[in-house]
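Novice: Any chance you could fold what I've pasted below:
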Amino acid sequence: MNLHGQRLAYNLAKHKKELQAISESLDKMPLGGKGPVTIVVLSVETVLAAVFVGMRFYTRAVMKGGVGSDDYLLVITWVLQALFTIFMIISSVYGFGQHTTDISPEDVRMATLIELIGQFAVSLAMGLSKTAVAMFLMRIVVAIWHKAILWFWIVTMMAWSILLAISCFAQCTPVEALWDARIKDKICHMNLTNIAFIMCSWSAAMDFFLAAFPWVVLWKLNMQKREKFTICVSLSLGVLAGICGVVRTSGLEVLSQAADYLYATADSVMWTSSELTITIICVSIPVLRPLWNKLVGGSVTDRYIKHSEGSSGILTIGRIRKPIKVDTELGLDTIPRPDVRDTNTTTIGATRPHSDTGSERSILRDNQAIQKTREFTLAYEGGNSRDF
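Specialist: A predicted model of the protein is given here:
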């Protein structure tokens, strides 16, 4: 055999040994049970949530020129969701989703530790996702008691989320006893099952509240019915998140099954991810309307705007059909006007021609000062114009 043949035979033998080593490693890998299903579910939902968060952020940052606190909260929520998915994938590789008797004690310890880290991340993500929905509604509501109710839900939800995240590791002393069954001498100060039950129940209740609340507070606003319907229906999909929360809560007794913890908590992990993903999608849909209009060829927005010009007592009400590079994707924000001193532009809401303008009439009626009406002309796309 010549030198070239010897080298070829040597390389083949070397690669054969490497392939055998990889095969043996895969055979020893404890991935199985509900682990593969968990990986697929969490990965798909994380990618789906990323798509909606990305489209929402693009719409607000690029198309509307204004990113709000709810957008940043959703980005942080998705980052925590991604971390949760990564940790659960690693935990599944070590044996998450399988019975404890089917994997080695060392793998049980690693899988449990990594799952607890993932649970820490998703506990915070769950609270932030509900807070993002509430902050989104905070842009819309104007009544003080509406804002007070939303702040109540925000504060209480975040309090329970933070407590649950902390209790993942602070429930027992020493903390290593949570994942190492060899440590028998431990003291548990918190009952994780009870805390998780309260938090998950509160989270599900907030889902149902946020699904119903827009129908109460938005329907009386002077907005185009199509926009009202879009916001209300999309947030009403939060009922699905609430259902996921109820199912997850009903199975939380498995947290006390320390003997088979990795297998018992697999369903709860998947329901948690589903609830989080649905919440992200629900709060993203209303903001995506400008992006949808752009994709389908629409380029005209239609809004009523009230200009309240400082202390001069001048009120101008007009109809604009040209996109504005400001944060008004829902027509509900107060936007500072940089070109006029002491001037605010407040969007009353979208409406159709000849619709009820009771809000405008009430504004004029309540103002006892002398009114000055300014007539102006706007050129529409296509060359038409209209006087106001």
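Novice: okay, stretch 285-293 in PDB with CA atoms only?
Specialist: Extracted in PDB, the C-alpha atoms of stretch 285-293 (Å, rounded to 0.1, in the frame of the first residue of the first chain):
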ATOM      1  CA  ILE A 285     -51.700  42.800  17.400                       C
ATOM      2  CA  PRO A 286     -53.300  46.300  17.900                       C
ATOM      3  CA  VAL A 287     -50.000  48.000  17.200                       C
ATOM      4  CA  LEU A 288     -49.300  46.200  14.000                       C
ATOM      5  CA  ARG A 289     -52.200  47.800  12.000                       C
ATOM      6  CA  PRO A 290     -49.900  50.400  10.300                       C
ATOM      7  CA  LEU A 291     -47.500  47.600   9.300                       C
ATOM      8  CA  TRP A 292     -50.400  45.600   7.900                       C
ATOM      9  CA  ASN A 293     -51.700  48.600   6.000                       C
END
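Novice: average pLDDT for that stretch?
Specialist: Averaged over stretch 285-293, pLDDT sits at 80.
Novice: mind listing the helices for the stretch 151-300 of the chain?
Specialist: Assigned by DSSP state H, counting those that start in this stretch, the stretch 151-300 of the chain shows helices spanning 192-217, 225-236, 238-250, 261-264, 266-284, 289-295.
Novice: and among those, the most buried is which?
Specialist: helix 266-284 (a mean of 24; mean count of other C-beta atoms under 10 Å). C-beta coordinates here come from the backbone N, C-alpha and C atoms, glycine included.
Novice: ok so, going back, for Gln98, which of the helices of the stretch 151-300 of the chain is the nearest?
Specialist: The minimum distance between Gln98 and the helices of the stretch 151-300 of the chain falls on helix 261-264, with 5.8 Å, by C-beta to C-beta.
Novice: buried residues in the longest helix anywhere in the chain?
Specialist: Ranked by residue count and defined by DSSP state H, the top helix of the chain is helix 105-138. Across helix 105-138, burial judged by 16 or more other C-beta atoms under 10 Å covers 107-138.
Novice: separation between Ser284 and Asn293?
Specialist: From Ser284 across to Asn293, the span is 16 Å (C-beta to C-beta, to the nearest Å).
Novice: Is Val67 in a helix, a strand, or coil?
Specialist: coil (DSSP: H, G, I helix; E, B strand; the rest coil).
Novice: I figured it hits Arg56, correct?
Specialist: No - with contacts defined as C-beta atoms under 8 Å, Val67 does not count as touching Arg56, sitting 9.7 Å away.
Novice: which one of the two has more residues nearby?
Specialist: Between Val67 and Arg56, counted using other C-beta atoms under 10 Å, Arg56 has the larger neighbour count: 25 against 16.
Novice: wait, that one sits on Ile281?
Specialist: No - Arg56 is not in contact with Ile281 according to C-beta under 8 Å; the separation is 9.8 Å.
Novice: lowest-confidence helix or strand of this protein?
Specialist: Every helix and strand of the chain was ranked by mean pLDDT, DSSP states H and E. The lowest is strand 334-336, at a mean of 34.
Novice: Quick one: closest of the helices of the stretch 151-300 of the chain to Thr156.
Specialist: helix 192-217 (6.7 Å).
Novice: Now do that closest one, average pLDDT.
Specialist: 87.
Novice: which stretches of the protein have low pLDDT?
Specialist: Within the chain, the stretches with pLDDT under 70 are 1-30, 64-65, 220-224, 254-258, 297-388.
Novice: Mind checking the helices of the stretch 151-300 of the chain for the one nearest to Gly35?
Specialist: helix 266-284 (7.6 Å).
Novice: Just the angle for that closest one relative to helix 105-138, thanks.
Specialist: Orientation check (axes from the mean of the first three to the mean of the last three C-alpha atoms, to 10 degrees): helix 266-284 against helix 105-138 gives 20 degrees.
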